[in-house]
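Student: Turn this into a structure:
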Amino acid sequence: MSNMPRKALILGRNGQLARELQRTVPEGFDVTVLGRAEIDLLDMAQVADTFGTVEPDLVINAAAYTAVDQAETDREAAFALNATAVANIADAVNGRDGTALVHVSTDFVFDGKKSSPYTANDSTNPLSVYGESKLAGEFEILTRNLPEALILRTSWVYASHGNNFVKTMLRLMADPARDQLSVVADQIGTPTWAYSLAKSIWQAGISRLNSEEARGTEIFNWTDAGVASWYDFAVAVQELALQRGLLTRKIAINPIPHTAYPTPAARPTFSVLDKSTFAQAYGVQPVHWREQLGSMLQELATEVN
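Tutor: Next up is the predicted model:
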């Protein structure tokens, strides 16, 4: 077997997941990370040229339009990045023998009307333009029937960098002018640390590359373990941040129904994902979201100090 390093191409350079993917690169990989400044994913010729230059064994698509509420009035842009760009990436992968693709999708492809965790085979019915655009991206991959492609749905992703719920909560909780906070308590899902998601993506990607037989295109779910409402998540953020010195005082956190906090995009009220098939296929066991949140906040505390 050759000792030459394998080549991985990560798309979506400036996103929180791409940064964690770079932090968790396994041994034996040369990695190229490209963002909007380096590649126009809507330009098929440029995508094909880039793939020809990089010659990736593994492509990880972490590029996405993720402004959920903005997408309601910016449908064209959401579909461009979440569907058209994905079609271009899939075509470029399809043109390369032996190249594997991992594409990141979302719990927003479901309508939230189920009361038990969603499996990868459950019927989709997105409630928002964002969800529709991400589902359209999945279809672009599925219709091409790639020999080694994996669509990985995840939810409620956060990291120590970038814009996310945890960072927003910390900022609001630290505001001296604020003595209370109201957070939606009737939308249920699972917070997911981008670091753990990145490690799981690498694990699956390596497994795909090492596979003797083409498995075709498969859909899996991956999040951290456990269940939470946004309210539960906020309470945990405050509790664990106080323990680590990231906050100096406690404020009241009030649970409210989502109807009291209307948003342009409708969100699924229940979007817990069943991870069991991914865990079995790739040998990755999820860690509880509270433990992962504690690890991420510890990272932040170490940076501050």
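Student: Now do the helix or strand Gly205 falls within: which elements does it pack against?
Tutor: Here Gly205, judged by DSSP states H and E, is contained in helix 194-210. Packing contacts for helix 194-210, counted by 3 or more C-beta pairs under 8 Å, 6 or more residues apart in numbering; DSSP states H and E, involve helix 16-23, strand 58-61, strand 100-106, strand 148-154, strand 157-158, helix 276-282, helix 289-304. From N, CA and C alone the C-beta is placed, and that goes for glycine too.
Student: Of the ones you listed, which is nearest Thr259?
Tutor: Comparing the helices and strands packed on helix 194-210 against Thr259 with C-beta to C-beta, the closest turns out to be strand 100-106 (22.8 Å).
Student: Adjacent strands (with direction) for that closest one?
Tutor: Taking DSSP bridges as the criterion, strand 100-106 pairs within the sheet with strand 58-61 (parallel), strand 148-154 (parallel).
Student: The shortest one: what's the following helix or strand?
Tutor: Past strand 58-61, heading to the C-terminal end, the next element that is a helix or strand (DSSP H and E) is helix 75-79.
Student: still on that earlier bit, now the helices and strands packed on helix 194-210 as TSV including mean pLDDT, distance to Arg249 and mean neighbour count?
Tutor: Written out in TSV, the entries for those read as follows (pLDDT from 0 to 100; distance: least, C-beta to C-beta, whole Å; neighbours: other C-beta atoms under 10 Å):
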stretch	mean pLDDT	distance to Arg249	mean neighbour count
helix 16-23	95	28	21
strand 58-61	97	41	26
strand 100-106	96	35	26
strand 148-154	95	33	24
strand 157-158	96	22	24
helix 276-282	93	40	16
helix 289-304	93	16	17
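Student: Relative to Ala85, which of those is closest?
Tutor: The closest of the helices and strands packed on helix 194-210 to Ala85 is strand 58-61. By C-beta to C-beta, the value is 8.3 Å.
Student: Any idea how far that closest one is from the middle of the chain?
Tutor: 13 Å (C-alpha atoms, centre = their mean, to the nearest Å).
Student: residues in contact with it?
Tutor: Strand 58-61 is contacted by residues 6-12, 21, 29, 51, 86, 89, 92-93, 99-104, 201, 205-206, 208-209 when judged by C-beta atoms under 8 Å, 6 or more residues apart in numbering.
Student: one more time with 6 Å, if that's ok
Tutor: Identification of contacts with strand 58-61 by C-beta atoms under 6 Å, 6 or more residues apart in numbering yields Ala8, Leu9, Ile10, Leu11, Ile89, Val93, Ala100, Leu101, Val102, His103, Ile201, Gly205.
Student: can you tell me how far the first one sits from Ala63?
Tutor: It stands for Ala8. Plainly put, Ala8 is 14 Å away from Ala63 if you go by C-beta to C-beta, to the nearest Å.
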